[in-house]
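A.B. asks: Sequence and predicted structure, then a few things I'm wondering about:
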Amino acid sequence: MQTTYTLENRFNHDPIGLENVVHQYLDSVMPQPMEGKVTALISPHGGYDTAGSAAAHGYRLVDPAAVRRVFILAPTHQVRFRGVSIPDKGFLESPLGAINIDREACDHLMDGPLFDFVPEAHGDEYPIAYQLPFLQGVLGGFQIVPLVVGQLHDGDHEIIAHSLKEQIEKHDLVIASSDFTHQGKRYNYAPFVTDIRKQVGLLDMGAIELILRGNTRGLMDYIRRTGATICGVHTIGILMELLSRESSGKVQSYYTSGDINGNDLESVSFASIAFSSPEGWA
């Protein structure tokens with residue numbers, strides 16, 4: 001049994017084209033070096049034409065010899081629920097092939113608070129789908145623990161992270177799938193009328209500063225105060241609670257779709273942020 005998450009229509013039946021695009025992006029970027037071992041990424045899930053370069057900056061840093069399993073934290077766009085939903089299948093599939101789900105780890109997580117199986121959350125969650133081809137392009141074979149994150153209350157991030165810490169091992173990579181500010185009427189968020197790109201950048205950097213400081217509560221307060229439309233803010237919050245004090249983060253890429261197509265009135269921001277620590281996951 002499988003769960004298939006679809007990509008842009010042009011790639012669903014063109015695995016060679018998709019593989020070429022992934023490797024073109026990976027070959028075209030030069031991320032900043034990270035000290036220690038890369039343990040986690042915040043990676044965008046916008047269309048490959050816009051977000052592909054940002055995503056590649058993070059994935060280019062991943063050492064295939066050091067990663068055997070990947071935890072993906074992805075926001076839901078389908079249904080409202082509290083907590084984290086885990087699919088009940090044995091593998092996921094992208095146009096590049098199937099990826100085995102670590103059912104043992106998933107079953108252990110299901111015993112913890114705030115973890116459940118919400119069928120509607122797995123109908124077509126592209127925030128996971130967009131990560132898979134990059135992971136396949138970099139890692140080849142690996143296992144996956146796919147986690148769809150719903151609405152969370154204050155304190156939920158710590159509870160979920162506590163359960164995940166019991167499962168994460170030295171050769172794991174954690175991905176928080178998230179775009180940043182969605183600006184424009186179509187997103188019901190259009191607070192800026194002048195210098196839109198500059199204002200959006202300042203808004204995003206305010207959030208990114210809190211992320212790099214590991215201030216989860218500060219980030220959630222910032223979202224409530226500004227209304228910033230960061231779709232994966234709860235996936236990022238969980239990741240922040242997972243990272244150790246020895247971890248350090250670095251912004252590898254940041255831009256908006258307006259930088260590509262010139263449309264600042266309707267734009268989405270993309271950031272690639274990599275995290276490393278001296279010894280990797282404990």
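C.D. replies: Alright, I've got the coordinates.
A.B. asks: What is the neighbour count of the nearest residue to residue 68 once chain neighbours are set aside?
C.D. replies: Closest residue in space to residue 68, ignoring its immediate chain neighbours: residue 171 at 4.3 Å, by Cβ to Cβ, 6 or more residues apart in numbering. C-beta: built from backbone N, CA, C; applies to glycine. The burial count assigned to residue 171 is 14, neighbours taken as other Cβ atoms under 10 Å.
A.B. asks: go on, residue 15?
C.D. replies: For residue 15, using other Cβ under 10 Å, the count is 15.
A.B. asks: mind checking how far it is from residue 22?
C.D. replies: Distance, residue 15 to residue 22, by Cβ to Cβ, to the nearest Å: 10 Å.
A.B. asks: just so I have it, where are all the helices in the chain?
C.D. replies: When assigned using DSSP state H, the helices of the chain occupy the ranges 9-12, 15-28, 48-59, 103-110, 126-129, 132-139, 156-165, 196-213, 216-226, 233-242, 257-261.
A.B. asks: show me the contacts for residue 228.
C.D. replies: Shown in contact with residue 228 (Cβ atoms under 8 Å, 6 or more residues apart in numbering): 180, 181, 189, 203, 204, 206, 207, 222.
A.B. asks: My guess is the fourth one contacts residue 226. True?
C.D. replies: Yes: under the criterion of Cβ atoms under 8 Å, residue 203 lies in contact with residue 226, with a separation of 6.3 Å.
A.B. asks: Give me the more crowded residue out of these two.
C.D. replies: Neighbours per residue, other Cβ under 10 Å: of residue 203 and residue 226, the larger number sits with residue 203, 22 against 15.
A.B. asks: list the contacts for the more buried one?
C.D. replies: 181, 226, 228.
A.B. asks: run the last query once more with 10 Å
C.D. replies: With contact taken as Cβ atoms under 10 Å, 6 or more residues apart in numbering, residue 203 is in contact with 180, 181, 183, 191, 192, 222, 226, 227, 228, 229, 230, 269.
A.B. asks: Can you tell me how far it is from residue 212?
C.D. replies: Residue 203 is 16 Å from residue 212, by Cβ to Cβ.
A.B. asks: before we move on, what about residue 249?
C.D. replies: Residue 249 is 5 Å from residue 212, by Cβ to Cβ.
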